[in-house]
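Novice: Pasting the sequence and the predicted model now:
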Amino acid sequence: MFAVDLRPLLPALIVAITALVVLLAQAFTPKGSRSPSMGLTVTGLAGALLLSLTMAADARYGRGATTGGTYVADDFALFFHVLLIGLALMATLLSPAYYRENGGERGEFYTLMLFSLVGMLGLVSTTEMISMFVALEIMSVALYALAGTRRDQIESQESALKYFVTGAFASAFLLFGMALLYGLAGSTQLARVARGVASASPEQVPLAVLGCGLLIVGFGFKVASVPFHMWTPDVYEGAPTTVTALMAAGVKAAAFGAFLRVFPGSLPALREEWVPALAALAAITMVIGNLGALAQSNLKRMLAFSSVAHAGYLMSGMVGQSEAAGQAVLFYLVAYGAVNMGTFGLLASLSKGGREPLSLQDVAGLGERRPALAAALTVFLISLTGVPISAGFVGKFYLFGAAVNAGYTSLAIVGVLMSVVSAFYYLRVVVAMYMREGEGEDAWAAPEASARLSLLVAVVVTLGLGVWPAPVLDLARAAALAL
Amino acid sequence: MIEQILFYTLAALALVAAIVVIAQRSPIYSAFALIVVLCSLSGIFAILGSPFIAVIQIVVYAGAIMVLFLFVLMLLNVQKEADDPGGSKPLRTAAAALAAVFAAQVGLVIARARFASGPEQYEASTRKVAELLFSPTFLYVFEATSILILAALVGAIVLAKRDL
């Protein structure tokens, strides 16, 4: 018999067990009585978060351990564990009010969210391609269903179907790429793929490059980069807003985690091949994402294009040399995650009686009638633009710095120019909130305590990282070094 | 020699049937063509000395999953696909051209590639598969797959049923 170290799996295991408990509790709750789902979910996630923090603190508790050589709890994985579980916790706190206002709070919603979190945690922790693929599918399958949970709305159904079809298509590319790399290296372990690619003979190089290209297509779909972004606006618009928040913040973080582990982490031997491809993709992603956002009048669609644009910023950071690039991307994922959770969460918690604030006119007068919420939304939008003292500024500074150091100054210039363009559509919302008069009675809900707590955390993280980024930057550096 | 003849016959059959799957207008015919694809692949696995995978391929895919497909198609009474497959004509032409370029590229690269494990070191007996599947290396995959299936199950029920 062999002994297997199960410690790296523990946080994901707790999340999975919580999902099952929520599912069972839902089945045994009599109709009409208060559902315990949210309380159970928060408890489980808090436990998993505490455990991840403890593990990160000391090697005795499992930092650096591996399960079967395929699932690791290195600094990189644990950094993402804390980020992803934190984001899921925020989304959970935002959800009950939103679902109550928009019809049908159901325990299965929490179960699916927890399942998708299990997938995200696996995605950033595995060092083996089959595991990575299965984790990606767990995350995606749960989200396909979540996107369609507003059953009364045709947009929600459309969102689920579109996400499913394009997602399955993207998975096929990813799988094909993995198969080619396996053919080259004779193993699905990323470490052995790295060795196989590094020692590839000249006639094997085309195989490696093709595999790489297919992987870029697959990951490009998941992080919503141009030209694989077509699904993003429709899916983000149709999905329930708190699910959109999880998609924009969590999925992007997890997908970039795997992206970093595979590309700078395992394929440094092919840098000369994939860096120019990634740089070109980053440039068109920034341009098309921002120009697309300019044309939108629906706030959720605008934020969807903004999410595409941010995939471009993040990819321009990945062009840099592995360690600095990793640090920049990891830091930006924290900043971007908090901000996006906050923005979508705020829109979600304002919705009342099935009506969500979706146009500029819907948020007009918010500054006068709800000064605190308007201030919070202003902070988020300023951070998305990248104005100093916000997390977005520090993040973009490091991302573009990484690109410049790698010799891609033009990429940084495109990024800065496009950030200026983005100021127009982000600040348009701020102007509407403060300068325009609201019409008639205000149609917004008052966010309840749990949602307010979640938004407060988002504001504190956004401003905190803007003013004092050093601790998180250090953690991000340590995590990037583990790659 | 016989192996090679068998392989090329099965591979050609799989390719032709795969083209029928997407070219055929009637979903039922597509499903039947897919069965042919899966059976040919199963034959290829058998030639490679992996009877277990070959049988599983037939039992699970060509058997259970295809029966399910056909059931759903017949229950929904899906008729012939509408004449207009959607999308503008230039867009469809561009997609076909892109697919052709991609196919040529993949074909060229694979034809010239040298793979890590040649047939001489290849072993895929049932015993080997089981040893791998239950080894610590694939512990996570093995467990995660059950989560994946459960997530798909819960998701399908949530989408299909209005009230639980």
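Specialist: Great, that's in hand. Residues are numbered from 1 along each chain as shown, chains lettered A, B, ... in the order given.

Novice: Near the nearest residue to residue B:51 once chain neighbours are set aside, how many other residues are there?
Specialist: Counting by C-beta to C-beta, 6 or more residues apart in numbering or on different chains, the nearest residue to residue B:51 once its immediate chain neighbours are dropped is residue B:126, at 7.0 Å. To be clear about C-beta, it is placed using only N, CA and C from the backbone, and glycine gets the same treatment. As a burial measure, residue B:126 scores 13 neighbours (other C-beta atoms under 10 Å in any protein chain shown).

Novice: wait, isn't residue B:46 in contact with residue B:54?
Specialist: Yes: Residue B:46 sits in contact with residue B:54 when judged by C-beta atoms under 8 Å, with a separation of 4.1 Å.

Novice: show me where pLDDT drops low in the stretch 151-300 of chain A?
Specialist: By pLDDT under 70, the stretch 151-300 of chain A contains no weakly predicted segment.

Novice: Spell out which parts of it neighbour chain B.
Specialist: Those residues of the stretch 151-300 of chain A that sit near chain B, judged by C-beta under 8 Å from any C-beta of the partner chain, are A:151, A:160, A:183-187, A:196, A:201, A:203-204, A:206-207, A:210.

Novice: Just flag the most distant two among these.
Specialist: In these, the most distant members under the criterion C-beta to C-beta are A:151 and A:201, with 55.2 Å between them.

Novice: Have a look at the two and say which one is more surrounded.
Specialist: Relative neighbour count places residue A:151 above the other of residue A:151 and residue A:201, with 17 against 7, counting by other C-beta under 10 Å.

Novice: so that one makes contact with residue A:157?
Specialist: Yes: the pair residue A:151 / residue A:157 is scored as a contact, 7.4 Å apart, by C-beta under 8 Å.

Novice: Am I right that residue A:91 is in a helix?
Specialist: Yes: assigned with DSSP: H, G, I helix; E, B strand; the rest coil, residue A:91 falls within a helix.

Novice: Please name the nearest non-neighbouring residue to whichever residue of the stretch 351-483 of chain A sits closest to chain B.
Specialist: Of the stretch 351-483 of chain A, the residue with the smallest distance to chain B, taken as C-beta to the nearest C-beta, is residue A:354 at 16.5 Å. Nearest-residue entry for residue A:354: residue A:102, 5.3 Å, with adjacent residues in sequence omitted and distances by C-beta to C-beta, 6+ apart.

Novice: The one you found - how many residues pack around it?
Specialist: Close neighbours of residue A:102, defined as other C-beta under 10 Å, add up to 23.

Novice: Please give me every residue in contact with residue 152.
Specialist: Here I'm looking at chain A. The contact partners of residue A:152, by C-beta atoms under 8 Å, 6 or more residues apart in numbering or on different chains, come to residue A:103.

Novice: I was thinking of chain B, sorry if that wasn't clear
Specialist: residue A:141.

Novice: which non-adjacent residue is nearest residue A:264?
Specialist: With C-beta to C-beta, 6+ apart as the measure, residue A:322 is the residue that lies nearest to residue A:264, at 4.1 Å, once sequence neighbours are left out.

Novice: how close does the one you found get to chain B?
Specialist: 25 Å (C-beta to the nearest C-beta, to the nearest Å).

Novice: Give me the distance between the closest residue to residue A:187 other than its chain neighbours and chain B.
Specialist: Nearest residue to residue A:187, sequence neighbours excluded (C-beta to C-beta, 6+ apart): residue A:193, at 6.7 Å. Distance of residue A:193 to chain B, computed by C-beta to the nearest C-beta: 10 Å.

Novice: Now do the buried residues in the one helix or strand residue A:193 maps to.
Specialist: Secondary-structure element containing residue A:193, defined by DSSP states H and E: helix A:190-198. Along helix A:190-198, the positions that meet the burial threshold by neighbour count (16 or more other C-beta atoms under 10 Å in any protein chain shown) are A:190, A:192, A:193, A:194, A:196, A:197.

Novice: Name all residues that make contact with the residue in the stretch 251-400 of chain A that chain B sits nearest to.
Specialist: Going by C-beta to the nearest C-beta, chain B is nearest to residue A:273 of the stretch 251-400 of chain A, at 13.3 Å. Residue A:273 makes contact with A:208, A:209, A:212, according to C-beta under 8 Å, 6+ apart.

Novice: which helix is the longest one in the chain?
Specialist: Just so you know, I chose chain A. Residue-count comparison of every helix in chain A, with assignments taken from DSSP state H, identifies helix A:154-185 as the longest.

Novice: my question was about chain B
Specialist: helix B:89-112.

Novice: where does residue A:32 fall, helix, sheet strand or coil?
Specialist: The local conformation at residue A:32, judged by three-state DSSP, is coil.

Novice: Need the per-residue pLDDT for it.
Specialist: Residue A:32 carries a pLDDT score of 72 in this model.

Novice: what ranges do the helices span in the stretch 151-300 of chain A?
Specialist: In chain order, the stretch 151-300 of chain A shows helices spanning A:154-185, A:190-198, A:205-223, A:232-238, A:241-246, A:252-266, A:271-294, A:299-318, with DSSP state H, counting those that start in this stretch as the criterion.

Novice: whoops, chain B was the one
Specialist: With DSSP H, the ranges of helices along chain B come out as B:2-23, B:27-47, B:51-56, B:66-76, B:89-112, B:126-133, B:139-160.

Novice: Minimum distance to residue A:97: which of those has it?
Specialist: helix B:139-160 (20.0 Å).

Novice: if we can go back for a sec, now do the longest helix of chain B and helix A:154-185, the angle between them.
Specialist: Our comparison of helix B:89-112 with helix A:154-185, counting by axes from the mean of the first three to the mean of the last three C-alpha atoms, to 10 degrees, yields an angle of 20 degrees.

Novice: same for helix B:89-112, what does it pack against?
Specialist: Contacts of helix B:89-112 with other secondary structure elements, assessed using 3 or more C-beta pairs under 8 Å, 6 or more residues apart in numbering or on different chains; DSSP states H and E, are made with helix A:205-223.

Novice: Counting by contacts, list what the helix it packs on packs against.
Specialist: If contacts are counted by 3+ C-beta pairs under 8 Å, 6+ apart, helix A:205-223 sits against helix A:154-185, helix A:252-266, helix A:271-294, helix A:299-318, helix B:89-112.

Novice: quick one: contacts for residue A:429?
Specialist: Residue A:429 sits next to A:299, A:360, A:363, A:377, A:381 when contact means C-beta under 8 Å, 6+ apart.

Novice: That should have said residue A:463, apologies.
Specialist: Contact criterion C-beta under 8 Å, 6+ apart gives A:379, A:389, A:390, A:391 as the residues in contact with residue A:463.
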